[in-house]
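Undergrad: sequence plus predicted model, see below.
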Amino acid sequence: MAGFFLLFVCLSAIILLIPSVFLVKKYKENSAKQLVFSERRLALSSAPESILVAKELNLKLKKLKNLLKEKDELSSLIKNITENKPRGVKLKVFLYDKRANGVSDKILVKGFSATRGDLLDFIERIKGSGKFAGVESPPSNLLSEKNVDFNIFVILKTNEE
């Protein structure tokens, strides 16, 4: 049963990450094409225009680098959440909520817990990992002693934290 669940979590993670891999590949291909175009244009243009094109290209490459960095960080955070899960907890859904500047991003985690104690243990493990700013759990998660369907928000640390 544990092997099946581990397989399910791995497959879920792969399914969630495949679209981002294709997005990054496409973005990388487009950036490479733009680089070639910019190099050709640079050869034909005057110096001030070439500087503008180089600045534009540098900005786009910086965005790509940040996108790749965010994808890797998010994958490691989801991995950390799954590794902190007790046996009685089954994870069903991960939803990433990217917030505006100054507000912490969140990951909504939906799942099932055999007991309230397993859920509370899971929340404490996430808090204790040191990787997150906190965990929000609505009171409705604590209504049932057994067979708890839960939703928790894992608050990500901001760059300042």
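TA: Sure thing, it's come through.

Undergrad: so which residues of this protein form strands?
TA: 89-97, 106-115, 132-136, 146-156 (DSSP state E).

Undergrad: format those as CSV; extra columns: mean neighbour count, mean pLDDT and distance to Ser12.
TA: C-beta: built from backbone N, CA, C; applies to glycine. Converted to CSV, those look like this (neighbours: other CB atoms under 10 Å; pLDDT from 0 to 100; distance: least, CB to CB, whole Å):
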stretch, mean neighbour count, mean pLDDT, distance to Ser12
strand 89-97, 16, 90, 8
strand 106-115, 18, 93, 11
strand 132-136, 16, 91, 20
strand 146-156, 18, 93, 16
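
Undergrad: could you export the ones you listed as a markdown table, including distance to Gly3?
TA: Formatted as a markdown table, the strands of the chain follow (distance: least, CB to CB, whole Å):
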| stretch | distance to Gly3 |
| --- | --- |
| strand 89-97 | 14 |
| strand 106-115 | 18 |
| strand 132-136 | 28 |
| strand 146-156 | 23 |
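
Undergrad: so who does the nearest residue to Pro138 once chain neighbours are set aside touch?
TA: Nearest residue to Pro138 in three dimensions, chain neighbours excluded: Asn151, at 6.7 Å (CB to CB, 6 or more residues apart in numbering). Remark: with contacts taken as CB atoms under 8 Å, 6 or more residues apart in numbering, Asn151 is in contact with Leu108, Val109, Lys110, Pro138, Asn141.
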